[in-house]
Each structure stands twice: as C-alpha cells, then as structure tokens.
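[1] Sequence first, then the predicted structure:
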Amino acid sequence: MSDLLTPTFLTALIAGGILAGIPLLFASLGETIAEQSGILNVGLEGMMLTGAFCGFLGALATGNAWVGLTVGAISGLLVSLVMVVFCVRLGLDQIVVGISIILCAEGLTSLLHGAFFGQSYPRLDAIDVFAIPVLSQIPVLGGSLFSQPAPVYMALIVVGLVGWIFRRTTAGLDLRAAGERPDSLDAAGVSVVRVRTVAEMACGAFAGIGGAYMSIVGAGTFVPFLTGGMGFIAIVIAMMGRGHPWGAVLGALLFGMSLSIATALQLVGISIPVDVVQMLPFVSVMVVLVVFAREARLPAALGLPYVRGSR
Amino acid sequence: MRVMADAPAPAPATLSSTAGTPVPAVELIDITKVFPGVIANDHISLSVLPGEVLCLLGENGAGKSTLMSILSGLYRPDEGRIRVDGSDVRIDSPRRGRDLGIGMVHQHLSLIPTLTVLENLMLGSNKGIILDEKTARTRIADLASTLGITVDADARAGSLALGQQQHVEIIKALWKGSKVLILDEPTSMLTPQGIAELQKVLVELKTSGLAIIFITHKLHEAIAIGDRVTILKQGRVVGTIGPEILRSSTPQQLQRRIVATMFGEEADEVADVAELREDLEGHRVRRTMSETPLLELVGVSAPGHHGQYGVSDVSLAVRGGEILGIAGVDGNGQRALAEVIAGQRRPSAGDIRLAAASIVKLTVSSRQRLGLRYVTDDRLGEGVVRPFAVGMNLVLKRIGDKPFWRRGTIDRVAINATARELIAQFDIRTPSSETRIGKLSGGNIQKALLARELSFQPRVVVFSKPTHGLDVRTIAMVRERIRELAGRGVATVVISTDLDELIDLSDRVAVLFEGKIAGIVDNGPGAETRIGELIVGAQAA
Amino acid sequence: MTAPATTQTAVLAEPTAPGRLASIADSLIRSIGPIILAFLACGLILLVLGRDPIAFYEDIVTAGLLRPSGLQDSITRMAPILLIGVGLIVVFRATLWNLGSEGQYLLAAAMVAGLGPIVLDTVPAPLGWVVLMLVAMAVGAGWTLIPALLKAIYGMNEIITTLMMTFIGVGLANLFVKGPFKGTSMVPQTAVIPKGMMLLDLPVTRVHVGVIIALVVVVIVHLALTRTSFGTRLDVLGANPRAAVHLGINVPRLIVLAFVISGALIGLAAAVDILGIFGYMRADWNPAYGLKVIPLVFLARLNALALIPFAAFFSVVSIGGEYAARQAGLPSDFLLLVVGLILIFMVATQYFSDKRARGERIVPRRRKASA
C-alpha cells in the first residue's frame, strides 16, 4: 500500500485527473449555466461529441489547437440552437429533444468520420505544456498542477468568471431567476426566452470546447463515440455542484482522477482490467449519488418550458 | 343588464385638458382581449385619477386580472387604446409598463424565494451589467420609510412572513417611481388587522399623488377602500359608482345596488354569499352534533415541505355534524394539516382517530374507504388528472375497486353510468362524461372533485380552500353542500384563508399559526376580531 | 396552475379518443410525416457526401425487405426490438425514463450466453429456454433496481442513474464474458450453445420462435396497460404524479414495479436474441439498441400494438441499412442519425399539429415583438 503514495503515482494521478477532468469541467460548467436558467440539457453528450469531431477537424486542417478549440465551441453552440429553437422557443419536451440530439450527433459524427477518413485515424501533434515558473518546481505537486497545457489555466479563469457573473451581474441574477420563477422574471420585464437562449448557447459552446479538448488535447485524434458518456457524467457533476461553478471544478477533478487512476496504478506496477477502468467513473458517480441522494438541489422550474400566462 | 346609469363613457381624447378637469393617470379605452373560446375583456373602458383609489370589483373570471395584465404589459390587447397621462402608449412588455410608471402587485406573490430581498428588487430593474447594490439599498431604505415599514434587504425572500413579502412586493411595484399602483386581490391572504394596515399604507400613497387600482371580489372591501368602484361582469363594465354616491349612501344601500348590478335577476340567489355582504354575520343554523368526536387529532406533528410550516403538536376534535374552520395566513401549516389527516403525509408524532379508532397507520385509500375524504385546494395540481375523461376522474379514488374494475379489468360502462349520475347530481357542466376534465372551467372541476369525495358515504370531510377562485354561484352552491353535509352528521373541517368564509360557515374556528393551534374560537359576535388577533400570532387568552 | 410533471411529453396519456378513424388517420400523418422528413434530410447529407441517396435507399429496401434472406433477418430482428420497445412503453407511460436498456440487455445477454451451454446441457431444451429466459428477466429487472429505488425513495432523476447503470452494465457484462463465462477458445467469448439446442425456427424459414414470443408479449402488455387497474395507475402517475399521491396510489411501489417489469422485458429481449440467433457472446459485442428504440416508442404513441409496424419498419432499415452502408463505404451508424432525426421531426410535427388542432396560428403573432 505504501507504494501507492509515491510521487510518481500522485503526479500521474493528479496530472491525469486534470487532463481527463478539464472536458468534464467545461461541459459541467455549461450544464450548470443551462440548469440555472431552467433547461435540463440531456443532449450535452451530443454537443460534446460534435465539438470533439469539429474541433478535431479544425485542428487537423490548421495545425493549431486553439483554432480547433474555437471550432469546437462554435459547433457546440450550433447544436445548442436545436435546443433553443425546439425547447426554449417552442416549449417542446427537453428530454426528448435532448435524446434526439445525442442520437443525431452520434450518427452524424460517425458517418462523417467514416466518409472523410474511412478506417484511418490521423493524429494531431501534442499541445505544448505551459509550466508556470517557480510553482511548477514545487516537489510532487508542482510538476502535475502547474505544468499543464494552456487551456487548463484558461478553464480555471473561465470558472472564476462564470462564478462572478452568477453573483455580481444583472445577467447572472436574471439567469437564476429564470430557473426558479420564470413568471416572476417575465413580470419583472426580462425576457425569459432571451435569458434561456443565451444560457443554452453558452452551454453548447462550453460543451463544444470540452469535447474539442478531449479530441485535440486528450486523445490527439477522433474516433466515433469518443466522448463515451462524459456528457452524462458532466450532467451529474452539474447536479451535485448545486449551481456553484467551483462545485463543477471539484466534481470534474474527482471524476477525472477516477478516470486516470488506472494509468497511475500501472505506473506503480498494478494493472487492472480495462473494463474495470472504464466502469470506474460511472461506479463512482453512482456511489456519490447513492450517498448524497438527498443533497442534489435543482432549480424549481428545471425542465419546464415557459409559456406566458400558463399559471 | 346595465342597471347603473353612470357607466363611464369613454372620455373623448383631450390632450390639452382644460384646467379643473385633471388628466387621468391612466386611461383604458375600449380594451378587448379574446382567448381561445372566451372573451376575457369586451370593450372595457375605465380611467383612474392621481390621488384616487379605483376599486375594480367583480367575481372570479370577470376579467379583472386579464385587464390588469394588459395594463402592466403582460398581455397585449386585441383592440383598444391605453393612455398614460393623456397620451397614447403601447405597453408591449412588462418592462415598458414599468418604465411608464405602472407598478403591479400580483395576486400570487411573485418574489423568488431563493433570492434575497435585495436581489428580488434588483431583478429587472438593475441598469448596467454589474449589480449596483449600493443604490438599491438606498432605494429600499427610502421606500420603506415612505411606507412606514422595515425591511431586511439581505433576508432570503422565502424566509419572510407573508405580510413582509407583501410589503416587499409593494416596494417592488413602486421601485421605478410608479404613478399607478395596481393591487390584484391583495387582501385575500391578510387578516382584518393586516387589511387595516394596508389601508393606512394606501392612504399614504394616495396623498402622495399615486393613482391606485385595487382589484377585489369582496364587496365590503370595495366599499371601504375605493373612492370609486367599477364593476366588471363577464368581461364588461356593468356599472360604476362615483365618489358622491359612495359617500352619501349607507353600506346596505350600496350592497343592494351593487349586487343588483352584478347579478340582475339572479341577485336573490347569491345575496347570501359572504363576499357580497357588507355585514359578515353568518346565518348559522343549529345542527345536532354527535356526543363524541368523529375525528380526533392528538398531539400530531408532521414536517413541512418547501419551506412551509409543518404542524407541531396539533390536537383537534370534530364532532359529527360540526363544521370546524381552520384559519390562518397561507403557509402556516394548512397543507401539512390537511395532508396528514388524509394520509398523504406521514406524521412524526401523535395519533389520528376516526370514530375512536386509530387510523394513523392506514394508507390514503384505506382512509378513503372508511369515509375520510379530502377535497384539495390544488385542483389541477393534484386533484384531477387533466388528460383523463371526466368520468374516469370521478372514480380515480377507487382504481381497481368493484364495480368499476371486475377481475382486474376495467368496466367502462359501469364507470360512465356512475359518472352520469354524479354529473347530474352535482350539476357538473360538461359535454359528456368522456370529455377531458382539463377542458372544464375551474368551477366545474371543483364540482367534479366534490362529486368524487362526497359520494360513497363520507363520514369526515376535510375541505381545503373550497371556494377559492370560484364564481359566486358556485361559491354559494359549494357552501350549501358543506352545510348540507354537516346537516347529515358528517364531521367537516374547512381550511380557508378567507376569514369571511369561515365566519359564514363554521361552528368553531381553530387558528393555525406557525404550525401550531394558536387558539380555538367559538363563532359568534366578536369572533372575527379575536381570530384576526390569533392569526398574526397573538397569544391565546 | 402548477406545471405538469417535468418530463410530461405531449404524446403521453390519451386514453379516450373519439372519432377513431379520424384519429387513426391523424396519427398516421403524425407518424409517417417525420419518417419521410428524416429520410429526406438524410438523403441530403448523403448527397453532400457524394453518395447516391436513391441507390442507398434502394439498397435498404432490397437487402432488408425484398431479398428472402433479408426479409427473414428483418423479421427476426423484430423480436428484440418489440420486447425492448414494450419494456420502454411500460415505464414511459408513467413518465419514467429508463434510458438504461443497453446495460440491462447486455448483462442479461451475458448471463444467458454464459449459463446457456451449462443449463441446456443438464435439462431438456424447452425447460432450459424457460429457465434462461427467467434468468435474463431477473437480471434485466435487477439492473433497474438501484435507479428505481433512488427514484422511488429520494425522487432522484432516473435519466442520469439509468444511464450510469448502463455504462456499468456494459463493463460488467464484458468482465463476465472474459472471466467466469469464458469458453475454451482463445478469443474472449463464451462457450457456444449447440445449434440443436437453440430456439426452434418457424417451419420453412430461419425465423426463430422468439418472434412469436415477442408478439404474444406485446399483446399481453397492451392488454395490461389498457384494461387493468395497473395500467390506469401507470397512466395517472405519468400524467400527474402529485395526483397519484393524492389518489392514494402507492407511488414508490408503482415506480419500482414499472422499472422491474421494464427491465424484465428488456432482459427477455436479450434471452431471445442469444437463444434464437447468436448462441454465444463475444467480449465487447453490443448491438446497441439502446436509445435507438426510443423514437419508435414515441412514434407508436406509447401504444404497444402500434409498436409492431414501427418495429417492422425499424428492422428493415437496420438490416437493409447495414448492407447499404457497406455498399456506400460508410459506417452503419447511419441508422442513429435516421432515428434521431425521426424523433426531432416527430416532436416538431406534434407541436404544429397540436397547435392547428387548437385553432392557433402556426407562426405566433405576438412572439416577434416580445422576443
């Protein structure tokens, strides 16, 4: 057991956790925004997958990871427009539309990937690591925490920014009201549809970045179904985070570590079957859900379309 | 139908009003609003002057709220014009309405419980990207001192008492320096004392030059508060009583006059309804009551949900043939009390007995079979299943029972036969027993609920806000049913936030305050004041 | 009024429908319209990708319907689709989302494939089939238990939990196949059930008897849902969960019961597949019916009998689609796109025809100004 706490293991665990956690962080941050405004965005997985594919294409075409991430964000945003039109504007069932987004995204990305690349899987160059001077020299943790690809730092800045928007700005206040009492927000003279539209688009863009990060920074390539359920885990993280962006950070890191624990264990000579590795994050989600079954707090109007005068 | 001679003729548009005739703060001209299947407002015209309280009187469904929603920008009229300070305006959004100085306090509290008072007040009114708390705090302090009240800006709105929430609502309506304040049935949850306090606030606001529109369905409030009273019926203005008549007539004369205007030939049928009387002395009949209580609650406690009070250590006894009223401001444990009796909520302590036998461990349906019934106030939320047929809804508390289900199989013929009987018996207006119940009006849905709960030998019936939101004829009918039920020896509990209703019906009134019984008052002279004291938490004598 | 259950879809709960013929015609339009639109949209995509959509769709029809072997494959494919479909209908009618059918199916399949050779070796085949089907049903049902209990007791969102359980179930099924159930071959797969012990084929065909079982189950489920008090209770729960409590329905028990039945039917689908067609299970094998069946269930408007034609349609497209995709040099995940588009066009069609039925304008007048 003492072998486990070696620096090698810890570094691998934390670094891997961050690498795997960042897509979750972006996606769950997006989902948090959507949920706060009253939209349960089940299609998150589909948005991530689209972002992963389009981001990969962008990065492959230009050779620039940042372009790829941007393309990923835009593609996720475009997918979110489906939710905007059908659920926010027309008030259709958010779950049904979410499911169809997942199905379409899975089908389309796989189809396009097959059409463009056939059975080949071109790889991208690894993205540069940005080591923060001094801090990255700290023994054990420094190498893992402060020596990361630049998007990681960007993610943390974004989280802080979103937290600030939630608490301190008009937009954040409108957002929270839209999820709790859309009729009150409407009566206060703010368009619920507009608030939810913006929130959903932000969610799509963040999910797109998350997916693009998975293909560009994480895997370095795209394979069909690359996101493999990360979107669903991100939804859970958003639920557990109870609307707090920093909750998303904590959740993403924890689940990221459960994804990376197998690699870390292999480094210290313990190997576990790949199926167990793949199950682990989902098992940990279930454990968390069972243990904290009573804790998840969701906005009162979550999942409900807003129609003026329906009260 | 137009009994009153002085129905307001829409004043010819005069931009430059001559001295002496003040310009109305707001003027509605020929407003028409049609919803699918119903004309909510039919060419309504009315106006209100600065420093004046206009009472908009009419029963539920007369179109009052729709009209005010149009004025505040929530709906847009199909026809007609709105003028503010003498000039035509288009109010196409609530924001526009507020910018024009029209503030509205809604019938249902619209504060967001998870936000603080400060956040609630900044919602929709904050200029700029970043929340300007400092300015908002100053504004709260200013308005609070104008109204003579204190407000904790950092408290979560959900944690405030209802009276305080209403204060915050008024502050919110006045936030942008309103010229017109609309109060939509603000007294429906206030005590007599609370109403007096509100009246004081209104006088303050009136003298500061505000035009106030006060919506109510209670005649005595209209007479007491209004400088002018405009009566709406089925979407039309059927009469207006000017200040001269209001001042020169006795309340009795006014009452007769208004009831005649509202109901014409049917006036006799409804004149007994408490809302329409100036004097509230009920017409109680002596009923024979059983010696021993039929329903007993002994030290019952149950948790509250969604930030509302539960009940703690409640003991009550209701005899057969007795009507026990339960008074209290909404949210003081009424729902918990009703649900714990019905079996929908599990008590954490105490015992409930039906005819001396404990039923506390029984399920909802077992209690139902024993004759314990609960007529819920949340008719659409839990009372009916909207996509289901009327007939099906009438037997939904007997799913799987004979004769409607035989050997596990549904017998639609039997269901429809029983349904037709109940439809006739309770005068439910529906095209057929197969019509979806969601298509019926609120009054007919309530009749269907009564039919379901009062059929099959009831012994104890709990009514929760039994006439809330109904039209006057249905109110009269429901109250008559309740009296009739008690007359047959049924133990009856009527939970209501409408004190008039309780005074009208009950033999005794128990007051719920913060989940506890604050006291039990025998109905009779002076009861109303005593109940009013208890409602706001005064100690029992 | 308080809003209805969060997940209430417009397609749910329509127990009484006057004007039968008109309503059947209406449902046909509502059901077939989205299918046509979806194929048009997919055709466009194929065109953009430089494939000939006409040829593609011709291939689907030829391979899935016109060729005798294809037709038989399509009919055989109906068995699991029907069983999974009715499994979903049972929960969807109560507005409970069992999105974990894939995990329930695969775990049950692993059990049947793993235990099958042993069971069928010890008892006569017909008895063995029954035992294995019951095992599969128990496994499928069991795998819904955690989400069902979390939903029943804490009201926890079952969408998330059933999805999580699917991922766990897939992994677990693989562990079983690679571990305790591994057969003697070098490849990670279970032992193979001898041909003679598989479900019987119908005379002259190679369509196995499982299809008949599925059809019988569909009819039984349909009767249970439309005629019994259980069906009524499910519909009440689906249309208004708070009313269910008020009416004295034991909601937690009903939730668990609905999930267990759903899981059992999905488990049965797995048993029929393994015993009827495959005879063994390879590691990482996953037919991934999962979410694909959901659009069919909605097209059938949660009516078990109406599911039959849609299941037939889906089977033809899925069998024919595999061939057509191969011919066009594309992955067979094409089908996902088709059903996804069908679902989205379906809710849209539903929305617009509901609006027209209420006599409202399809393009609202007000919205523009307030948006």
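    Here it is on my side, so go on. Numbers count the residues shown, from 1 in each chain, chains lettered A, B, ... in the order given.
[2] B:P458: what secondary structure?
    B:P458 falls in the coil class when you classify it by DSSP: H, G, I helix; E, B strand; the rest coil.
[3] Report the contact partners of it.
    By C-beta atoms under 8 Å, 6 or more residues apart in numbering or on different chains, B:P458 lies in contact with B:371-373, B:485, B:490. From N, CA and C alone the C-beta is placed, and that goes for glycine too.
[4] Next, it: phi, psi?
    Torsion angles at B:P458 (phi, psi; degrees, to the nearest 10) stand at phi -80, psi 150.
[5] what pairs with the residue nearest to it when sequence neighbours are not counted across the strands?
    With C-beta to C-beta, 6 or more residues apart in numbering or on different chains as the criterion, B:P458 has its nearest non-adjacent residue at 4.8 Å, and that residue is B:R373. As for beta bridges, B:R373 partners with B:V461 under DSSP bridges.
[6] Domain parsing of chain B, as residue ranges.
    Following automatic domain parsing, one gets these domains for chain B: B:1-101+B:178-279, B:110-177, B:282-371+B:457-541, B:385-456.
[7] For the ones you listed, could you give me CSV that also reports mean pLDDT?
    Putting the domains of chain B into CSV (pLDDT from 0 to 100) gives the following:
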stretch, mean pLDDT
domain B:1-101+B:178-279, 79
domain B:110-177, 86
domain B:282-371+B:457-541, 89
domain B:385-456, 92
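[8] for the nearest residue to C:D59 once chain neighbours are set aside, helix, strand, or coil?
    Spatial nearest neighbour of C:D59, chain neighbours left out: C:A324 (3.6 Å); criterion: C-beta to C-beta, 6+ apart. For C:A324, the assignment made with three-state DSSP gives helix.
[9] Helices of the stretch 101-250 of chain B, residue ranges please.
    Using DSSP state H, counting those that start in this stretch, the helices of the stretch 101-250 of chain B run over residues B:117-122, B:133-147, B:162-174, B:192-207, B:219-225, B:243-248.
[10] what about those helices, which gets the closest to B:I258?
    Nearest to B:I258, of all the helices of the stretch 101-250 of chain B, is helix B:219-225, at 5.8 Å by C-beta to C-beta.
[11] among the helices of the stretch 101-250 of chain B, which is the most enclosed?
    Using mean count of other C-beta atoms under 10 Å in any protein chain shown, the stretch among the helices of the stretch 101-250 of chain B with the largest mean neighbour count is helix B:117-122, at a mean of 24.
[12] Where is the longest helix in chain A?
    Selection of the longest helix in chain A by residue count, based on DSSP state H, yields helix A:7-36.
[13] what's the next secondary structure element after that one?
    As assigned by DSSP states H and E, the chain's next helix or strand after helix A:7-36 is helix A:44-62.
[14] now the next helix or strand along the chain from that following helix against helix A:44-62, angle please.
    Counting by DSSP H and E, the next helix or strand C-terminal to helix A:44-62 is helix A:65-83. Interaxial angle, helix A:65-83 versus helix A:44-62 (axes from the mean of the first three to the mean of the last three C-alpha atoms, to 10 degrees): 140 degrees.
[15] Backbone dihedrals for B:K176, please?
    Note on B:K176: backbone dihedrals following degrees, to the nearest 10 are phi -100, psi 30.
[16] list the contacts for it?
    B:98-99, B:101, B:103, B:125.
[17] picking up where we left off before, out of the helices of the stretch 101-250 of chain B, which is closest to chain A?
    Set against chain A and scored by C-beta to the nearest C-beta, the helices of the stretch 101-250 of chain B come closest in helix B:117-122, at 5.8 Å.
[18] what's the distance between that closest one and the middle of its chain?
    26 Å (C-alpha atoms, centre = their mean, to the nearest Å).
[19] quick one on the thing from earlier: any chance of the helices of the stretch 101-250 of chain B in TSV, with distance to B:D154 too?
    Shown next, in TSV, are the helices of the stretch 101-250 of chain B (distance: least, C-beta to C-beta, whole Å):
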stretch	distance to B:D154
helix B:117-122	6
helix B:133-147	9
helix B:162-174	12
helix B:192-207	23
helix B:219-225	33
helix B:243-248	43
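[20] before we move on, the earlier item: tell me which two in the contacts of B:P458 are the farthest apart.
    Maximum pairwise distance among those (C-beta to C-beta): 13.3 Å, between B:L372 and B:L485.
[21] ok, the lengthiest helix in chain C near chain A or not?
    Longest helix in chain C by number of residues (criterion: DSSP H): helix C:20-48. Yes. Using C-beta under 8 Å from any C-beta of the partner chain, helix C:20-48 reaches chain A at C:I45.
[22] OK, contacts around residue 81?
    Since no chain was named, I'll use chain A. A:L81 is in contact with A:201, A:204, counting by C-beta under 8 Å, 6+ apart.
[23] Hmm, no, I was thinking of chain B.
    By C-beta under 8 Å, 6+ apart, the residues touching B:R81 are B:28-31, B:88.
[24] Chain A: which of these is nearest?
    Among the contacts of B:R81, B:I31 lies closest to chain A (C-beta to the nearest C-beta), at 16.3 Å.
[25] The closest one sits in which helix or strand?
    Assigning secondary structure by DSSP H and E places B:I31 in strand B:26-35.
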